[in-house]
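In: pasted the sequence and its predicted model underneath.
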Amino acid sequence: MAYRICLIEGDGIGHEVVPAARKVLEATGLPIEFVEAEAGWETFERRGVSVPEETVEKILSCQATLFGAATSPTRKVPGFFGAIRYLRRRLDLYANVRPAKSRPVPGSRSGVDLIIVRENTEGLYVEQERRYLDVAIADAVISKKASERIGRVALKLAEGRPRKTLHIAHKANVLPITQGLFLDTVREIAKDYPLVNVQDIIVDNCAMQLVMRPERFDVIVTTNLLGDILSDLTAGLVGGLGLAPSANLGDTTALFEPVHGSAPDIAGKGIANPTAAILSAAMMLEYLGEKETAKKVEKAVDLVLEKGPHTPDLGGTATTETFTKAVVETLKAL
């Protein structure tokens, strides 16, 4: 039986990196049926909604989804809601998993192999803002339920890794009610995972330690906004956002996406780095149970990153198509 995968290119370079990842998935030889759907700012401009209902229906009809990139305006646009944030809530994709691993490229720190596990539905990202003249207020929502389920995802991940270590990154020293609830909840359920070494760390110290000694970290679990910030920091440790994949996991479905944005400055030029999208596709294969194939895809990417060709963001002159072709040829040779 074929895997049924939904592809959403989104905006900007999403139109380039998703087709690249598709070519790599096709080169695996696995039986895959692709279902194309639309979402994002360009969709909003055409249709008045960032995520049409038929897109949600297509996602739910598939076993997993690969998303490219989405643009969100910095101004308030009536009726617009960010496509990814909408899908995370609509599909209850409560766990955002972002690995950071050393890659054979200039600027990548050696010895880094960690995962940021970010709560994906609450915190300040509930977007409950209001303004009274010159004062603006935003609500942060932290619940015991959401804290418990993201904690379990992180603890299970840590339990299955060699070092079996989990850091809970928080700001409970300043926000003892909201951040304190998150910290206390994860600490409590950690009792169910006696093999995991659980430590808590204040998030500003965590950021400093990630810069100074990233190799000390294994799995880090944190709240939505803090995880968003820390995961971009860890991407910077290993070569940048062009190499950073991610997963949005729920109980019944999952959506995989590169961490980078839509990059309008280079969109349409054919020079976008598809590595993050291809590695996101590898994460998707692992989610589907195709672990050996996922490892082969990651190995093929690393071999091309090591030997070239490289896209301009990595100091080379390769096009998206040239880089993708190299990965496909390397994968077939493994």
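Out: That came in fine, so what should we check first?
In: where does this protein have its least confident helix or strand?
Out: Least confident helix or strand of the chain, by mean pLDDT, DSSP states H and E, is helix 83-90 with a mean of 92.
In: how about that helix: buried residues?
Out: Within helix 83-90, the residues that count as buried by 16 or more other Cβ atoms under 10 Å are 83-89. Heads up, the C-betas are built off the backbone N, CA and C, glycines and all.
In: go on, stretch 302-314?
Out: For stretch 302-314, burial by neighbour count (16+ other Cβ under 10 Å) applies to 302-305, 310-311, 313-314.
In: next step: the residues you listed restricted to strands.
Out: Of these, none are assigned to strands by DSSP state E.
In: now, among these, which is nearest to E127?
Out: For the buried residues of stretch 302-314, the closest approach to E127 (Cβ to Cβ) belongs to D313, at 30.7 Å.
In: would you confirm that that closest one contacts L241?
Out: No - contact between D313 and L241 fails when scored by Cβ atoms under 8 Å: they sit 9.0 Å apart.
In: about what we covered before: ok, of the buried residues of stretch 302-314, which one's closest to A136?
Out: Taking those together and measuring to A136 by Cβ to Cβ, the closest member is D313, at 35.2 Å.
In: quickly check the buried residues of stretch 302-314 for the two that are furthest apart.
Out: Greatest spatial distance in the buried residues of stretch 302-314: L303 and D313, 18.5 Å, computed using Cβ to Cβ.
In: look up how far A281 lies from S246.
Out: Separation of S246 from A281 (Cβ to Cβ, to the nearest Å): 12 Å.
In: ok, V126 next?
Out: 30 Å.
In: out of those two, which sits in the more crowded spot?
Out: A281 (29 against 15; other Cβ atoms under 10 Å).
In: if I look at the residue nearest to that one when sequence neighbours are not counted, how far off is N273?
Out: In space, and not counting its chain neighbours, A281 is closest to A21: 4.3 Å by Cβ to Cβ, 6 or more residues apart in numbering. Counting by Cβ to Cβ, the gap between A21 and N273 amounts to 12 Å.
In: same thing with K156?
Out: 31 Å.
In: ditto for E290
Out: For E290, the distance to N273 equals 24 Å [Cβ to Cβ].
In: and for Y287?
Out: Distance from Y287 to N273, by Cβ to Cβ: 23 Å.
In: more neighbours: which of the two?
Out: With neighbours defined as other Cβ under 10 Å, Y287 and N273 compare such that N273 has more, 30 against 18.
In: may I have the secondary structure class of the closest residue to the more buried one other than its chain neighbours?
Out: Take N273 and drop its neighbours on the chain: the residue closest to it by Cβ to Cβ, 6+ apart is G242, 3.8 Å away. The assignment at G242 comes out as helix when based on DSSP: H, G, I helix; E, B strand; the rest coil.
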